[in-house]
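Participant: A structural model of the following input is requested.
(4 chains)
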Protein chains: 2
Amino acid sequence: MILLASLTKGAAILFVGGVVPRLTDARKELRRTQIADAAVRCFSRNGLERTSIADISAESGLSTGSIYSHYRNKADLVRAAACEVLAKRADVLREYAALDAPPDPDELLARLTAAIDPAEARVGVQTWGEATTDPDIRDIVVDTTDRMRAMLHDCVTAWLIKVKHHEPAPARERAAPIAHRVMALYQAELLYAALRTPTEETAS
Amino acid sequence: MILLASLTKGAAILFVGGVVPRLTDARKELRRTQIADAAVRCFSRNGLERTSIADISAESGLSTGSIYSHYRNKADLVRAAACEVLAKRADVLREYAALDAPPDPDELLARLTAAIDPAEARVGVQTWGEATTDPDIRDIVVDTTDRMRAMLHDCVTAWLIKVKHHEPAPARERAAPIAHRVMALYQAELLYAALRTPTEETAS
DNA sequence: GTCTATACGATGATAGAC
DNA sequence: GTCTATCATCGTATAGAC
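Facilitator: Numbering: from 1, shown residues only, chains lettered A, B, ... in the order given. Purely as a prediction, here's the structure:
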């Protein structure tokens, strides 16, 4: 780790004025996710707006100045956190979509529901609320939702073809409304998970 | 209207030190809803937290001092607004539940979806987000959701009995999962409506 | 890059006249 | 009950040392 860090610095010096200093970028990205992760934990406890930069500073162990050297402003950080949470949920789905023995829709929904992390569900729902007024967040949410629905579509289509022995063309067509419903039911489960779970008290 | 107002004041004077001055209470409640309505419009545009008391003051035409004489603080006002919006959505449902020709679940969902007001949907979704961290709001959301699900349960039960000619006892049992699904799909539609609709730009 | 200290603005809430 | 004017607090963002 320490060796890697020193190598990184060396590489950065070597590449000054040259092409992309990859390793330095990778480390910078690592810091960014470290901050974003801390932000997500704060958001999960106190919500998007009730979390101050000072809170994230305390949670991440970094100073406010350091945070602002990685993110332009708070909105930028909120966007990054929203991306992270939503993308993580999409990844869970991608896993099932690539399965060679596709589960039926009910089973698919059950697995997705079982994989919900309450803390991330809270931030996800907070993101929905923010999306109603912030165009940037809105785009992130809509895009992620569309991508997830598309993956569900692929998953259901594969199930129709491989298990129910439909022809590919009609299978894709019939899969669309089913994917829409599974997505809707999943979102509802996400909401329930976010509300059901006891939100641990903040130390304010 | 003016006559009613003067009558109200007279009644209040007559009942000073006596029993409940009903009409005065009614007028006070009217002011409260007037403020709450203005708050809902502001929330719909700018969100729960980005709306200042000054915004609500401008929207309602009342001063900040006047607002604080009707609501203890902003959190109290947010609670009132949340109650109002959620209750209004429940009322739409109650209407269909009382119908003597109960619609089938798909039709029920379609009607509920068609009755969605985008502005209120936005505040509703914002309420969900707030509910993830604010226990008071959480209770309001959960209670309202439970009541709505119960009404859906009644509605579906009535449909099973009157249209599908089930016996009452098994009908109630079979209606439960159906009501759960309709509720979930409705909430998803509410989310879509809140995100789909272009949020008009604020005048900040 | 990271820290401490701070400036500046915004906002929730109150005081006191009418 | 309603207004205007004001206070005090909090939080974002920056400056400058190391």
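
Participant: how near is the closest residue to chain B within chain A to residue B:43?
Facilitator: Scanning chain A for the residue nearest chain B gives residue A:129, at 2.5 Å (criterion: CB to the nearest CB). All C-beta atoms are positioned from the backbone trio N, CA, C, and that covers glycine. For residue A:129, the distance to residue B:43 (CB to CB, to the nearest Å) stands at 10 Å.

Participant: so for those two, which residues contact both of them?
Facilitator: Listed contacts common to residue A:129 and residue B:43 are residue B:126; contacts here mean CB atoms under 8 Å, 6 or more residues apart in numbering or on different chains.

Participant: host element of residue A:35?
Facilitator: Taking DSSP states H and E as the criterion, residue A:35 maps to helix A:22-46.

Participant: thinking residue A:31 is in contact with residue A:70, fair?
Facilitator: Yes. With contact defined as CB atoms under 8 Å, residue A:31 reaches residue A:70; the gap is 5.8 Å.

Participant: give the buried residues for the next helix or strand after the helix holding residue A:35.
Facilitator: Where DSSP H and E defines the elements, the next helix or strand beyond helix A:22-46 is helix A:53-60. Of the residues in helix A:53-60, those scored as buried under the neighbour-count criterion (16 or more other CB atoms under 10 Å in any protein chain shown) are A:53, A:55-57, A:59-60.

Participant: how about TSV for those, with pLDDT added?
Facilitator: TSV is the format used below for the buried residues of helix A:53-60 (pLDDT from 0 to 100):
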residue	pLDDT
A:53	98
A:55	98
A:56	98
A:57	98
A:59	98
A:60	98
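
Participant: out of those, the closest to DNA strand D would be?
Facilitator: Distance from DNA strand D was checked for each of these by CB to the nearest atom of the strand. The minimum falls on residue A:53, at 3.6 Å.

Participant: could I get the contacting residues of the closest one?
Facilitator: By CB under 8 Å, 6+ apart, the contact list for residue A:53 reads A:64, A:67-68, A:74.

Participant: now, these that are in helices?
Facilitator: Of the contacts of residue A:53, the ones assigned to helices by DSSP state H are A:64, A:67-68, A:74.

Participant: just among those residues, which is most surrounded?
Facilitator: Neighbours here mean other CB atoms under 10 Å in any protein chain shown. Within the ones in helices among the contacts of residue A:53, the largest count is held by residue A:67, at 21 neighbours.

Participant: same for the helix holding residue A:35, what does it pack against?
Facilitator: Using 3 or more CB pairs under 8 Å, 6 or more residues apart in numbering or on different chains; DSSP states H and E as the contact definition, the elements that helix A:22-46 packs against are helix A:2-14, helix A:53-60, helix A:74-97, helix A:118-131.

Participant: please identify the most buried of those.
Facilitator: Ranked by mean neighbour count under mean count of other CB atoms under 10 Å in any protein chain shown, these are led by helix A:118-131, which reaches a mean of 24.

Participant: contacts for that one next, please.
Facilitator: A:40-41, A:43-44, A:47-48, A:78, A:81-82, A:85-86, A:88-89, A:137-138, A:140-142, A:190-191, A:193-197, A:199, B:47-48, B:125-133, B:191, B:194-195.

Participant: higher neighbour count, residue A:31 and residue A:70?
Facilitator: Here residue A:31 and residue A:70 are compared on neighbour count by other CB under 10 Å; more neighbours surround residue A:70, at 18 against 15.

Participant: any idea how far the residue lying closest to the more buried one once chain neighbours are set aside is from residue A:84?
Facilitator: Leaving aside its chain neighbours, residue A:70 sits nearest to residue A:32 (5.3 Å; criterion: CB to CB, 6 or more residues apart in numbering or on different chains). Here the distance between residue A:32 and residue A:84 works out to 10 Å (CB to CB).

Participant: next one: residue A:174
Facilitator: Computed with CB to CB, the distance linking residue A:174 and residue A:84 is 34 Å.
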